[in-house]
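Chemist: From the sequence below, what's the structure:
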Amino acid sequence: MDKEAQFEWIVRNVKNYIKEDIQTKTSTIRIKLLSETKVKIAYLTARHARIRCLEDMYDSFEESFRLLLQLCSEIRDNNPGSIVTLISHEKNKQFEGLCIAYKASLQVFQDGCRPVIALESSPLREKYGGAVLSVTSIDANNGMFPVNIYICMYTCFVLGISFFPLSRRL
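Modeler: Model (predicted):
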C-alpha cells in the first residue's frame with residue numbers, strides 16, 4: 001500500500017474516534033489504533049489525521065477565519081449594544097484578535113458586580129496557536145462573572161496588543 005492510501009486508512013479510523021469524542025487527543029488516537037488494529041503510527045501522523053478529520057467535519061481553520069466578519073456582523077445584529085472588534089494586521093489583513101463583550105454581560109457587570117476585574121488566559125494549542133483572554137469580575141454571590149473575551153494570536157498576546165484599550169471601554 002502506498003503512503004497516501006495508508007494515510008487515508010488512518011483518517012477513516014480516526015474519524016470514528018473523533019465522532020465519538022471531539023476532544024480525543026492525538027496520544028489517545030495512537031493508543032486506540034494500536035489496541036484495535038495492531039498498527040503503530042507516529043505521533044505526527046496521528047496529529048495530521050486528527051486535523052484532517054476535524055477539517056472534513058467542520059471546515060478548515062482558514063475557512064473559519066474567513067467567516068469572522070460574518071460572525072461579527074451576526075453578533076452586532078442580534079445583540080445591539082454589544083462590543084465586537086475584529087483586529088487584523090494593517091498590511092496583510094492577517095487575523096490578530098477578536099474581542100467580544102455582550103451588552104447583557106456589560107450591563108450585569110455595571111449593575112451587579114463588584115468593581116474588581118481579573119484577567120485570565122488560556123493557550124490555544126492547535127494549528128495557529130494563540131490565546132483566549134477573558135476579563136472576569138465578582139458577582140453578588142462571590143462567583144466569577146465573564147465580562148468579555150479576547151481571542152488573539154500568540155504574538156498579540158505577548159505584546160498585549162489591542163486588548164487593554166478595548167477593556168477600558170467597559
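Chemist: give me the beta-bridge partners of Leu119?
Modeler: Beta-bridge partners for Leu119, by DSSP bridges, are Val135.
Chemist: And it, how far from Ser137?
Modeler: 11 Å (C-beta to C-beta, to the nearest Å). C-beta: built from backbone N, CA, C; applies to glycine.
Chemist: tell me the contacts of Ile149?
Modeler: Neighbouring residues of Ile149 by C-beta atoms under 8 Å, 6 or more residues apart in numbering: Cys99, Ile100, Ala101, Val132, Leu133, Ser134, Val135.
Chemist: you'd agree Leu133 is up against Pro146?
Modeler: No: look at Leu133 against Pro146 with C-beta atoms under 8 Å: they stay out of range, at 11.2 Å.
Chemist: out of these two, which sits in the more crowded spot?
Modeler: Taking neighbours as other C-beta atoms under 10 Å, Leu133 and Pro146 compare with Leu133 leading, 22 against 15.
Chemist: isn't there a strand covering that one?
Modeler: Yes: membership of Leu133 in a strand is supported by DSSP: H, G, I helix; E, B strand; the rest coil.
Chemist: what's the closest non-adjacent residue to it?
Modeler: Nearest non-adjacent residue to Leu133, counting by C-beta to C-beta, 6 or more residues apart in numbering: Tyr150, 4.4 Å away.
Chemist: Pairing-wise in the sheet, spell out the partners of that neighbour.
Modeler: With DSSP bridges as the rule, Tyr150 is bridged to Cys99, Leu133.
Chemist: Tell me the pLDDT of it.
Modeler: If you check Tyr150, the pLDDT there is 89.
Chemist: In this structure Ile41 contacts Ile31, no?
Modeler: No: between Ile41 and Ile31 there is no contact under C-beta under 8 Å: 10.6 Å.
Chemist: Could you double-check that Lys32 sits in contact with Tyr17?
Modeler: Yes: taking contacts as C-beta under 8 Å, Lys32 lies within contact range of Tyr17: 5.8 Å.
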